[in-house]
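Q: fold the stuff below for me.
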Amino acid sequence: MDYEELRQKELDKIIERIISEREFPVSQRLKSLDSLEITVAGSVSYILLEVLKTEVDPNVVIHISNILARTGDEEVVMPLVDIALGNREVHGGEDPLKENKQQYEKVRCAIIKSLGRLKDEKAVIPLMYMLNDRNENYKVRLNAAEALGRIGDTYAVNPLINLVADEKEDSIYVRESAARALGMLGDVRAIKPLVKILESKRGIFDKFTFLKERAIEAIAKLGGGSDRDAIKALKESLIDEAPSVRLSAVEAISSMGDSSLIPILIPMVYDEEEDVSRESVRAIYSLEGHLELEKLLKDDRLPGWSRDEIETVYNEEE
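A: Okay, here's the model as predicted:
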């Protein structure tokens, strides 16, 4: 018997041992799986993919997908895609994981996250399929959007733009995730549709507020400071009725590192919301606005918490 045969025999024994441990408590099984990364580091993917073919415990499947994501092995991508799509082949018919719909969706979301961490382009088309399926569970769809952002393939940009701009989309959470993914992808084509979201007028209690926050974050990541329309939209967001939107706009402007934007931040120091006011102080400071802060300290109308924040900033500098 040559080395390869001996090696395969040893791997088969490990697989059989792991399968035989299915009667053990889950916590014990997870520890056993973790030990594989040390004892058989070069064969972890093979072993776990074999175990995964018949594994029925959702927690174990999720744990295995996390380990596989850490391997960075491209061979694990399509087997994980099959589970995410509901195409896992098992002996005897229907996949037992599907018996509990809630648990199965949890498994699929975890696997989709693992696909995002693997950053393999082979997963892009399947992820886009799940993202665009309106009959799909919204949690699966939003995780698919963020996984596409992590993978970084610009092929996903247009579908994500279409989704984030689609006012007929039932799930605002899916649109939020699409906006976040566009920020990760870094393609400037996304700036205009994101700006349109900020220009939309919706009530403060509308879930649309959260979409605006994600759009602002994405614009900042996309370098919107060089886009006139983006700056205009951010300036308008500074007077949005939702404090969380104003706060996001202040943070975005601060992240752009452009000191010429200090003048539009100064009025925000007087904002009625303490968090917005304090963050505006921080933003002005980060944009090298020491002189502006000194001027503000001389203003008797300056809110007490803003004054405290300026003093805190100066103390931290010492």
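
Q: CA atoms for contacts and neighbours, from now on please.
A: Will do.

Q: burial check on the residue nearest to P96 when sequence neighbours are not counted, number of neighbours?
A: Leaving out its chain neighbours, the residue that sits closest to P96 by C-alpha to C-alpha, 6 or more residues apart in numbering is V56, at 6.1 Å. Using other C-alpha atoms under 10 Å, V56 has 16 other residues around it.

Q: V56 and R108: what is the separation?
A: The gap separating V56 from R108 is 13 Å, by C-alpha to C-alpha, to the nearest Å.

Q: and for L182?
A: For L182, the distance to R108 - C-alpha to C-alpha - is 22 Å.

Q: and the residue nearest to P96, helix, strand or coil?
A: Following DSSP: H, G, I helix; E, B strand; the rest coil, the label given to V56 is coil.

Q: check what pLDDT it gets.
A: V56 is assigned a predicted lDDT (pLDDT) of 90.

Q: so it sits against N100, correct?
A: No: V56 sits out of contact with N100 when judged by C-alpha atoms under 8 Å, with a separation of 10.9 Å.

Q: returning to that earlier point: so L182 and R108 - more neighbours on which side?
A: Between L182 and R108, counting by other C-alpha under 10 Å, L182 is the more crowded of the two (35 against 25).

Q: so who does the more buried one touch?
A: L182 is in contact with 149, 157, 160-161, 190, 218, counting by C-alpha atoms under 8 Å, 6 or more residues apart in numbering.

Q: out of the residues you listed, the closest to M78 would be?
A: Nearest to M78, judged by C-alpha to C-alpha, of the contacts of L182 is G149 at 18.5 Å.

Q: tell me which element E309 is part of?
A: Counting by DSSP states H and E, the element that carries E309 is helix 304-317.

Q: in that helix, which residues are buried?
A: Neighbour-count burial for helix 304-317 flags 306-307, 309-310, 313 (criterion: 16 or more other C-alpha atoms under 10 Å).

Q: flag the shaky bits of the stretch 51-200 of the chain, pLDDT-wise.
A: Along the stretch 51-200 of the chain, the model assigns pLDDT under 70 to residues 91-92.

Q: on that earlier part again, got TSV for the buried residues of helix 304-317, with pLDDT and distance to E94 too?
A: Shown next, in TSV, are the buried residues of helix 304-317 (pLDDT from 0 to 100; distance: C-alpha to C-alpha, whole Å):
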residue	pLDDT	distance to E94
S306	92	62
R307	90	65
E309	92	61
I310	90	63
V313	86	61
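
Q: list just the nearest of those to I67.
A: Set against I67, the nearest of these by C-alpha to C-alpha is V313 (43.0 Å).

Q: find the nearest non-adjacent residue to S45, please.
A: Closest to S45 by C-alpha to C-alpha, 6+ apart is L68, at 6.2 Å.

Q: next one: L142
A: Among residues not flanking L142 along the chain, V174 sits closest, at 4.7 Å (C-alpha to C-alpha, 6+ apart).

Q: phi, psi of that neighbour?
A: Phi and psi for V174, reported as degrees, to the nearest 10, are phi -70, psi -40.

Q: also D299?
A: Per degrees, to the nearest 10, the backbone of D299 is at phi -90, psi 120.

Q: L68 contacts E75, doesn't it?
A: No: counting by C-alpha under 8 Å, L68 stays clear of E75, with 9.7 Å between them.

Q: which neighbours do the two share?
A: Common neighbours of L68 and E75 (criterion: C-alpha under 8 Å, 6+ apart): S45.

Q: ignoring the adjacent residues along the chain, who's closest to L36?
A: Take L36 and drop its neighbours on the chain: the residue closest to it by C-alpha to C-alpha, 6+ apart is V44, 6.3 Å away.

Q: who does the strand or helix carrying that neighbour touch, helix- and strand-wise?
A: For V44, the host element (DSSP H and E) is helix 44-52. Applying 3 or more C-alpha pairs under 8 Å, 6 or more residues apart in numbering; DSSP states H and E, one finds that helix 44-52 contacts helix 3-20, helix 58-71.
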